[in-house]
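Participant: next comes the sequence, and after it the predicted model I'd like to discuss.
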Amino acid sequence: WTGCTRVCEDLNFDHTPFVTPFSQHVQRSLTRYLGLKANQSSVGVVMVYFRHMEYTLHTYYREGLSDVLGTLGGYMGMLVGASLISALEVIMGTLHAFLVTVATLLNPHHYLSSLHH
């Protein structure tokens, strides 16, 4: 095991299949040269025509379980970390506003004079 993830590829060519019987000339040649009985042989010819040389390529990437868990854990850690920091900022801002309000109510002249200096 090399630890590499497998890549799956699916290659599709756009085509138009059709069926047509052998012409009388081909049937006569088959019976004459190959000894086949007319309309009783299991002979077929396959010809494939591509209208346009276009194809569709589907590539599927496969991740291992440890890769998925690592990615999921990284995102969860990032979101939880951001949430904790945001929560602490809200708490600190609320506490600061509360303390400023209490200080202003208890001694309004001292607090207001300290703002002007």
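Facilitator: It's in.

Participant: just the helices in this structure please.
Facilitator: In the chain, the helices defined using DSSP state H lie at 24-33, 65-106, 108-116.

Participant: give me the mean pLDDT for the second one.
Facilitator: Pointing back at helix 65-106 there. Averaged over helix 65-106, pLDDT sits at 86.

Participant: over to the first one?
Facilitator: Averaging pLDDT along helix 24-33 gives 79.

Participant: can you give me the domain assignment for the protein?
Facilitator: Split into domains by automatic domain parsing, the chain comes to 1-62, 65-117.

Participant: mind listing what's buried in stretch 67-78?
Facilitator: For stretch 67-78, the neighbour count (16 or more other C-beta atoms under 10 Å) marks no residue as buried. Quick note: C-beta positions are derived from backbone N, CA and C, even for glycine.

Participant: dump it to CSV, restricted to CA.
Facilitator: Extracted C-alpha coordinates of stretch 67-78, given in CSV (Å, rounded to 0.1, in the frame of the first residue of the first chain):
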residue,chain,number,x,y,z
ASP,A,67,-8.3,12.3,4.6
VAL,A,68,-12.0,12.9,5.1
LEU,A,69,-11.7,12.9,8.9
GLY,A,70,-8.7,15.2,8.8
THR,A,71,-10.4,17.7,6.6
LEU,A,72,-13.6,17.5,8.6
GLY,A,73,-11.7,18.0,11.9
GLY,A,74,-9.8,20.9,10.4
TYR,A,75,-13.0,22.7,9.4
MET,A,76,-14.6,22.0,12.8
GLY,A,77,-11.6,23.2,14.7
MET,A,78,-11.5,26.4,12.6
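
Participant: circling back to that earlier point, with distance to Val46 added, can I get the helices of the chain in CSV?
Facilitator: Listed next are those as CSV, based on distance: least, C-beta to C-beta, whole Å:
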stretch, distance to Val46
helix 24-33, 14
helix 65-106, 43
helix 108-116, 92
